[in-house]
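**Student:** Build the 3D model from these lines:
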Amino acid sequence: EIDDLIESLEGDDTSAPVKVTAQSVAADIEGTISRIQPELLGLEKWTGCNMMWIVTHGKVSDSFTPWSYASRNLQTMCLHLLKTTVEKLALQTDAYVVSGTSGIVRMMTGQKMTELKAEIREMVHDGMNKILTEMEVLPDDLLAIAYNGYDTFVVKWGIELTGWTKAQVTNPGNITSSVALSRLHSALKDEDYHWCMLTSSELKLKAEEYKKHLINGEIKSHATHSDKGTKKKAGISMNTVK
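**Tutor:** Sure, this is the predicted structure:
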């Protein structure tokens with residue numbers, strides 16, 4: 001009997017280990033959280049306690065989505081004290097756990113660049129609307145800047161961006177350098193980079209250069225909407241330049 005028991009134990013030791021896959025880990029985590037979350041939320045509601053939890057990846061190959069939750073009071077705390085949301089805190093924590101400090105730097109740099117691009121677009125758009133309004137363009141006719149057809153836009157409306165910190169005006173989304181974005185953002189805030197109205201001679205010169213580039217095939221012609229009979233400042237149009 002003792003020999004049989006020893007043989008049985010040895011057989012258990014040599015049995016194939018259970019393979020744990022990324023999919024099974026994800027299923028276990030999501031299943032467990034879905035079971036305990038209602039209990040915790042019920043406890044929060046019943047007792048008035050505050051709670052917060054964050055579930056992050058353990059390694060890069062993990063396939064589940066990071067989880068986070070915080071009571072309303074703790075959400076407010078994160079905003080006021082940590083200057084972030086619970087969701088962002090969870091993502092930052094996950095990046096640190098998986099990739100260390102470099103992961104945090106990469107993520108924060110990406111977020112900052114996205115914010116800078118959005119703010120640059122907004123400031124460019126607001127400045128354009130301001131100068132077009134001064135030119136008596138009606139609110140319904142205010143438009144978005146055509147970055148891809150910037151030269152056409154300049155000649156059509158008689159306004160241009162001055163102080164652009166790169167070689168040529170381009171969509172902020174195409175700028176991949178955080179330094180270049182920061183420089184452009186600062187120039188906009190300090191109004192070193194802004195919209196200005198072209199004089200008649202400047203507009204004439206721009207139009208002549210534009211026609212030359214158009215003839216040489218360096219600029220593609222873009223279809224434009226016909227005027228709607230709205231009031232625009234006289235003389236600010238390519239058609240007025242002979």
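
**Student:** Skip the chain neighbours and tell me the closest residue to Trp67.
**Tutor:** Ranked by Cβ to Cβ, 6 or more residues apart in numbering and with sequence neighbours excluded, the top spatial neighbour of Trp67 is Val55, at 4.0 Å. In this view, the C-beta of every residue, glycine as well, is placed from N, C-alpha and C.

**Student:** wait, I meant Lys59
**Tutor:** Leaving aside its sequence neighbours, Lys59 sits nearest to Val98 (Cβ to Cβ, 6+ apart; 6.7 Å).

**Student:** before we move on, back to that, list phi and psi for the residue nearest to Trp67.
**Tutor:** Dihedral angles of Val55 (phi, psi; degrees, to the nearest 10) stand at phi -120, psi 120.

**Student:** Please identify the buried residues of stretch 76-96?
**Tutor:** Neighbour-count burial for stretch 76-96, with 16 or more other Cβ atoms under 10 Å as criterion, is recorded at Cys78, Val86, Lys88, Leu89, Ala90, Leu91, Gln92, Thr93, Asp94, Ala95.

**Student:** Was I right to think Leu203 contacts Val155?
**Tutor:** Yes: counting by Cβ atoms under 8 Å, Leu203 touches Val155, with 7.3 Å between them.

**Student:** for this structure, what spans make up the helices?
**Tutor:** 2-13, 22-47, 72-77, 86-99, 101-134, 150-157, 178-189, 200-215 (DSSP state H).

**Student:** Quick check: which of those is nearest to Ser61?
**Tutor:** Between Ser61 and those, the tightest spacing by Cβ to Cβ is seen for helix 22-47, at 5.8 Å.

**Student:** and the closest one, what other elements does it pack with?
**Tutor:** strand 52-55, strand 67-70 (3 or more Cβ pairs under 8 Å, 6 or more residues apart in numbering; DSSP states H and E).

**Student:** Give me the helices and strands touching the last one, please.
**Tutor:** Yep, that's strand 67-70 we're talking about. Helices and strands touching strand 67-70, by 3+ Cβ pairs under 8 Å, 6+ apart, are helix 22-47, strand 52-55, helix 86-99.

**Student:** If we use 6 Å, what do you get?
**Tutor:** strand 52-55, helix 86-99 (3 or more Cβ pairs under 6 Å, 6 or more residues apart in numbering; DSSP states H and E).

**Student:** quick one: which of the ones you listed is nearest Asn148?
**Tutor:** So among these, helix 86-99 is nearest, using Cβ to Cβ, at 32.8 Å.

**Student:** Return that closest one as PDB; C-alpha atoms alone will do.
**Tutor:** Output in PDB follows, covering the C-alpha atoms of helix 86-99 (Å, rounded to 0.1, in the frame of the first residue of the first chain):
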ATOM      1  CA  VAL A  86      -9.200  58.100 -11.800                       C
ATOM      2  CA  GLU A  87      -9.100  56.800 -15.400                       C
ATOM      3  CA  LYS A  88      -5.900  58.600 -16.200                       C
ATOM      4  CA  LEU A  89      -4.400  57.600 -12.900                       C
ATOM      5  CA  ALA A  90      -5.200  54.000 -13.700                       C
ATOM      6  CA  LEU A  91      -3.500  54.300 -17.200                       C
ATOM      7  CA  GLN A  92      -0.400  55.900 -15.700                       C
ATOM      8  CA  THR A  93      -0.200  53.300 -13.000                       C
ATOM      9  CA  ASP A  94      -0.600  50.600 -15.600                       C
ATOM     10  CA  ALA A  95       2.200  52.100 -17.800                       C
ATOM     11  CA  TYR A  96       4.500  52.300 -14.800                       C
ATOM     12  CA  VAL A  97       3.900  48.700 -13.700                       C
ATOM     13  CA  VAL A  98       4.400  47.300 -17.200                       C
ATOM     14  CA  SER A  99       7.200  49.600 -18.500                       C
END
